[in-house]
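A.B. asks: Fold the following.
(one chain, ligands or ions: 1)
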Amino acid sequence: MIVAPSLAAAIHRRLLSWFGDNARPLPWRSTRDPYRIWISEVMLQQTQVVTVIPYYQRFLKHFPSLTRLAKAREHDVLVLWEGLGYYRRARDLFRASRILRENDYTTIPDDPDVVRSLPGFGRYTTNAVLSQAYDRRVPILEANSQRVLCRLFGIDRNPKEAAVQKRLWELAEELLPTKSVGDFNQGMMELGALVCTPATPSCHACPLHKHCRAYQENRQHELPVRAKVERTIAVTEVAIMVNKGDRWLIVQRPNHARWGGLWEFPHEALQQDESAEAVALTLLDRLGLHGVVGDHVGSIRHAVTRFRIRLTALCVRMHGGRLKTAAYRNAAWVRLEDLPGYPLSAPQRRLARLLESARNNAKAQKRKTG
Ligand code: SF4
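C.D. replies: All right, here's what the predicted structure looks like:
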């Protein structure tokens, strides 16, 4: 499918005019600074705009330039990222800043080959940053623009299929104007976010409805074709809270693991027929420690992709042993009040709060009876 030049021209004109009148005044839209656009694009991956805004502002307050970011500690970058999820993004961002500084760049350069070679820069991020910062004529494709394209051209195959992806990227490229490319790319995404929404597209308010195949055929609600929903899997995990005096053991996860680089109370999945106490003792053994499994601190539920996880925390009174951390990047004994200085995943932060409230209740009880 080749897009007729007259159709492409009509789409540019209508979309750019609509974007000019309707674009949300988001903080990263008032700048063409490639560094700031990069931070926003990375934060926006898999994350909603309203969630990103305060993180973006806080991050730039701490690290207003690429040079400042490259001089930071990874630990501080992860602390600022805490709660935003997908922590690999933060580690890649930090690594990319160091690589750029080592090569004497002070910002993201207008060079697709350099940018694409950096950690965390796939085709989408590279093109989004270069088109918005330098108006480079390169297409983007993400969930919102993909939905618009599937409907606009009546694509009735699953967009996740490789051949369909290829076709969608080609269409995105064929549609590009010669100037205002960054605005055009953002306009496609904004149209998908505000008008061509997944469940209730507002076709009457859409600047492209005259050209839209799905609208003409009344198939807006059938497109894009959805993949079959995968079944969820229930998992139970056990975390141990080992204390030595007023300090608690936390470990830093290896980089390659989920939540890589974050800290946690050591935890492990429970196998069928295994008790939580048995898992706690296995974990303790792996850490080279001896102890007695004590109180049940509490349980939380959370979801990761299609896994529905119940995470139970048990206290362990340590008797001795020598701490082994081969399975982790690092380990630390920290006071509860110092935990906010360590980046934790959202479920682990909830466990830390459970522990804090269990300790406060125990102290209150002691005061009452003492
Ligand atoms: S006309 Fe409707 S379905 Fe087509 S692009 Fe616009 S909002 Fe989406």
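
A.B. asks: Let me know how buried residue 282 is, in neighbour terms.
C.D. replies: 15 (other CB atoms under 10 Å). C-beta here means a position set from N, CA and C on the backbone, and glycine is covered the same way.

A.B. asks: Stretch 284-299 - what's its average pLDDT?
C.D. replies: Taken as a whole, stretch 284-299 carries a mean pLDDT of 92.

A.B. asks: buried set for that stretch?
C.D. replies: Residues of stretch 284-299 classed as buried by neighbour count (16 or more other CB atoms under 10 Å): 284, 287, 289, 291, 293, 297-299.

A.B. asks: Name the residue closest to the centre of the protein, please.
C.D. replies: Nearest residue to the geometric centre of the chain (CA atoms, centre = their mean): residue 86, 3.6 Å.

A.B. asks: element containing whatever residue of the stretch 1-150 of the chain ends up closest to the ligand?
C.D. replies: In the stretch 1-150 of the chain, the residue that lies nearest the ligand is residue 148 (5.2 Å; CB to the nearest ligand atom). Residue 148 is part of helix 143-152, with elements assigned from DSSP states H and E.

A.B. asks: Next, the buried residues of that helix.
C.D. replies: So, applying 16+ other CB under 10 Å, buried residues of helix 143-152: 144-152.

A.B. asks: Kindly indicate which of these lies nearest residue 319.
C.D. replies: Of all these, residue 319 sits closest to residue 144, with 55.8 Å by CB to CB.

A.B. asks: So which elements touch the longest helix anywhere in the chain?
C.D. replies: Criterion DSSP state H: the longest helix present in the chain is helix 346-369. When contacts are defined as 3 or more CB pairs under 8 Å, 6 or more residues apart in numbering; DSSP states H and E, helix 346-369 sits against strand 233-244, strand 289-304, strand 307-321.

A.B. asks: and with 10 Å instead?
C.D. replies: strand 233-244, strand 247-252, strand 263-264, strand 267-269, strand 289-304, strand 307-321 (3 or more CB pairs under 10 Å, 6 or more residues apart in numbering; DSSP states H and E).

A.B. asks: CA atoms only for the second one - export them in PDB, please.
C.D. replies: Spelled out, that is strand 247-252. As requested, the backbone C-alpha atoms of strand 247-252 are provided in PDB (Å, rounded to 0.1, in the frame of the first residue of the first chain):
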ATOM      1  CA  ARG A 247      19.000  -3.300  61.600                       C
ATOM      2  CA  TRP A 248      17.300  -5.300  58.900                       C
ATOM      3  CA  LEU A 249      18.900  -7.200  56.000                       C
ATOM      4  CA  ILE A 250      18.200  -6.000  52.500                       C
ATOM      5  CA  VAL A 251      19.800  -7.200  49.300                       C
ATOM      6  CA  GLN A 252      20.300  -5.600  45.900                       C
END
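
A.B. asks: Can you mark which positions in the helix or strand bottoming out on mean pLDDT in the chain are buried?
C.D. replies: When each helix and strand of the chain is scored by mean pLDDT, DSSP states H and E, helix 346-369 comes last, with a mean of 90. By neighbour count on 16+ other CB under 10 Å, the buried set for helix 346-369 is 347-352, 354-355, 358-359.
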